[in-house]
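J.: generate coordinates for the sequence data below:
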Amino acid sequence: MSIDTGHWALSCPLSSLQDAWGFVYIITNKLNNKKYIGKKQLKFKKTRKPLKGKVNKRRSMIESDWKEYTGSSTELNADIEKLGKENFTFEIIKFCSSKSTLSYFEIVEQINREALLRSDYYNGIINIRCSRQCLKTLQIS
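T.: Below is the predicted model:
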């Protein structure tokens, strides 16, 4: 049985996908080796109004557009449009089980690779929102 991962290649176990909230990825331009580090949620919570005569809101999990997603960088997406998707590799580096750990590991990759300091990265901003609870869960002090 094969799972459709869209244009994404995996450098981590596919078995991690089942319990994942999202993943950290790297996109590489094959022509100039310029890279982009980012994160993408696999699913999100959708809340709808209650049914007629009911009080509770209706909540469900919806799959995101991750299979077609090409990053949030304007410069990267302009290059993909201009050069063609076939000139880029889309690689999942790590699956994460929560929103908080997803944010944490994205920034870890960006800092370890010095994505903001190097001109061979599309990244132009590092932004994180991560709780102490996340760090306790990861046993990081």
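
J.: now do the phi/psi pair for the residue of the chain most remote from its centre.
T.: Using Cα atoms, centre = their mean, the residue of the chain lying farthest from its centre is residue 53. It sits 38.8 Å away. Backbone geometry at residue 53, expressed as degrees, to the nearest 10, gives phi 90, psi 0.

J.: tally of neighbours for residue 60?
T.: 10 (other Cβ atoms under 10 Å). To be clear about C-beta, it is placed using only N, CA and C from the backbone, and glycine gets the same treatment.

J.: chain neighbours aside, what residue packs nearest to it?
T.: Residue nearest to residue 60 in three dimensions, not counting chain neighbours: residue 46, with 5.3 Å by Cβ to Cβ, 6 or more residues apart in numbering.

J.: now the element after the helix or strand hosting the one you found, going C-ward?
T.: Taking DSSP states H and E as the definition, one finds residue 46 inside strand 43-48. Later in the chain than strand 43-48, the nearest helix or strand by DSSP H and E is strand 58-63.

J.: from the contact counts, what lies against that following strand?
T.: strand 43-48 (3 or more Cβ pairs under 8 Å, 6 or more residues apart in numbering; DSSP states H and E).

J.: list the contacts of the strand it packs on.
T.: 21-22, 57-64 (Cβ atoms under 8 Å, 6 or more residues apart in numbering).

J.: give me that answer again for 7 Å
T.: By Cβ atoms under 7 Å, 6 or more residues apart in numbering, the list of residues contacting strand 43-48 from outside reads 21, 57-64.

J.: tally up the residues packed near the residue nearest to residue 60, please.
T.: 10.

J.: tell me how far it lies from residue 81.
T.: In this structure, residue 46 and residue 81 are 29 Å apart, going by Cβ to Cβ, to the nearest Å.

J.: give me the secondary structure label for residue 90.
T.: strand (DSSP: H, G, I helix; E, B strand; the rest coil).

J.: so what sits opposite it in the bridge?
T.: Judged by DSSP bridges, the bridge partners of residue 90 are residue 8, residue 27.

J.: quick check, it in contact with residue 5.
T.: No. Using Cβ atoms under 7 Å, residue 90 is not in contact with residue 5, being 9.2 Å away.
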